[in-house]
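# Here you go, sequence then predicted model.
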Amino acid sequence: MLLQVLGTAAGGGLPQWNCACPGCAGARAHPERRRRHASLALRAGEGCWYVVNATPDLGEQIEAGHELWPGPGPRDTPLAGVVLTDAELDHTLGIARLREADGFEILATPPVRTALLDHLRLGDTLAPYTRIEWRELSTKPQPLTAGGTIEIDAVPVSAKRPRYATETGPDDPTWVVALRLRDTTTGRTLLYAPALAAWTEEFQYAAEAADCVIVDGTFWDDDEPVRSGFSTRSATAMGHLPIDGPGGTAHRLAALRARCLYTHLNNTNPLADPHAPQHALLAARGLHVAADRMVIEL
């Protein structure tokens, strides 16, 4: 299984266009600190790739890595589809950037598909431009492609809806999911959870069985959003388990056998600075932050 990390930043990217916080100012002064929105590219077969979440940076992410470049024909593209972990804008706005394609596939859970079709009306908007084939992302393993060696399934992690879809109705734990990707030829597994509101028993089981875990690193500690002055809610209240602290994820990840990486960093997170002492604290536990354009082979 071959993956490329396309981006590692939370909503807004790093720097965020309307923010002058120390993280964003540092990224403007030091371009090597810039991070695109969190996303992965997964090779499903020879010349066939899927992206996990379609971010506003999708075009730039494709251009940054030659594996996703078009060719050999003038309109040939290896990009076959998109897998969505949720319906948040920073993970779905890039779908509209694929309108030039003849067609592509979207794997999404039922509430995510409903939100995109009924609230954002992506189906109606893109129908004059391209053909979208929708497929349900299930909690049971299924082949990503017919005859392929990659299996995919969803691990529910949160019933949090995006703000544009807050109508009343029953909660659904598949509004936000982690992705479990397994290569049937090697038996090796990746668990990808860019948003994680609760460390459930099911997620623990998936993490223990994985060879690589890439997990929500939005905030360093629970009070960071309030302390930074941009929110009145804690990290946990915003649907993101913090990295450090009693309820943090670092001590849980450190106990795993898997290679563990953090992604989806907010601009307020001190880890946005590569020289911040928090990196050494993570390294002492065998944990690290994923980098844009990192290649992972399992």
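All right, it came through fine. Remember, it's a predicted structure, so these values are computed and weren't measured experimentally.

# Show me where the stretch 1-150 of the chain has its strands.
For the stretch 1-150 of the chain, applying DSSP state E, counting those that start in this stretch gives strands covering 2-7, 39-45, 48-52, 79-83, 103-108, 131-136, 142-143, 150-158.

# Which of those strands sits closest to Ala25?
Of all the strands of the stretch 1-150 of the chain, strand 2-7 sits nearest to Ala25, with 19.9 Å by C-beta to C-beta. For the C-beta atoms, the positions are set from N, CA and C on the backbone; glycine is no exception.

# if I look at Ala154, how far off is Gly45?
Distance, Ala154 to Gly45, using C-beta to C-beta, to the nearest Å: 21 Å.

# More neighbours: the two, which one.
More crowded of Ala154 and Gly45, by other C-beta atoms under 10 Å: Ala154, with 25 against 15.

# How about the secondary structure of the spatially closest residue to the more buried one that is not a sequence neighbour?
Nearest non-adjacent residue to Ala154, counting by C-beta to C-beta, 6 or more residues apart in numbering: Val177, 3.9 Å away. Under DSSP: H, G, I helix; E, B strand; the rest coil, the three-state class of Val177 is strand.

# how close does Val177 get to Leu58?
Distance from Val177 to Leu58, counting by C-beta to C-beta: 20 Å.

# before we move on, what about Trp49?
Trp49 is 12 Å from Leu58, by C-beta to C-beta.

# who's more crowded, these two?
Taking neighbours as other C-beta under 10 Å, Trp49 and Leu58 compare with Leu58 leading, 25 against 21.

# check contacts around the more buried one.
By C-beta atoms under 8 Å, 6 or more residues apart in numbering, the contact list for Leu58 reads 39, 51, 94, 97-98.

# most neighbours, which of those?
Tallying neighbours with other C-beta under 10 Å puts Ser39 at the head of those, with 29 neighbours.

# Chain neighbours aside, what residue packs nearest to that one?
In space, Ser39 is closest to Leu6, 4.0 Å off (C-beta to C-beta, 6+ apart).

# wouldn't that neighbour be in contact with Ala64 here?
Yes. Using C-beta atoms under 8 Å, Leu6 is in contact with Ala64, at 7.4 Å.

# Find the residues that touch each one of those two.
With C-beta under 8 Å, 6+ apart as the test, Leu6 and Ala64 both reach 36, 292-293.

# mind giving me a markdown table with the residues you listed and columns for neighbour count?
Shown next, in a markdown table, are these (neighbours: other C-beta atoms under 10 Å):
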| residue | neighbour count |
| --- | --- |
| Arg36 | 21 |
| Asp292 | 23 |
| Arg293 | 14 |
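
# related to what we said a few turns ago, right, and the residue nearest to Ala154 touches Val83 too?
No. Applying C-beta under 8 Å as the test, Val177 and Val83 come out as separate, 9.9 Å apart.

# sorry, back to before: output the strands of the stretch 1-150 of the chain in CSV, with distance to His119 appended to each entry.
Formatted as CSV, the strands of the stretch 1-150 of the chain follow (distance: least, C-beta to C-beta, whole Å):
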stretch, distance to His119
strand 2-7, 24
strand 39-45, 22
strand 48-52, 21
strand 79-83, 18
strand 103-108, 13
strand 131-136, 15
strand 142-143, 26
strand 150-158, 18
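
# With mean pLDDT and distance to Pro246 added, can I get those strands in TSV?
Formatted as TSV, the strands of the stretch 1-150 of the chain follow (pLDDT from 0 to 100; distance: least, C-beta to C-beta, whole Å):
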stretch	mean pLDDT	distance to Pro246
strand 2-7	98	29
strand 39-45	97	30
strand 48-52	98	30
strand 79-83	98	33
strand 103-108	98	34
strand 131-136	98	37
strand 142-143	97	37
strand 150-158	97	20
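
# Between Leu6 and Ala64, which has more neighbouring residues?
Taking neighbours as other C-beta under 10 Å, Leu6 and Ala64 compare with Leu6 leading, 26 against 15.

# so how far is His66 from the more buried one?
Per C-beta to C-beta, Leu6 is found 13 Å from His66.
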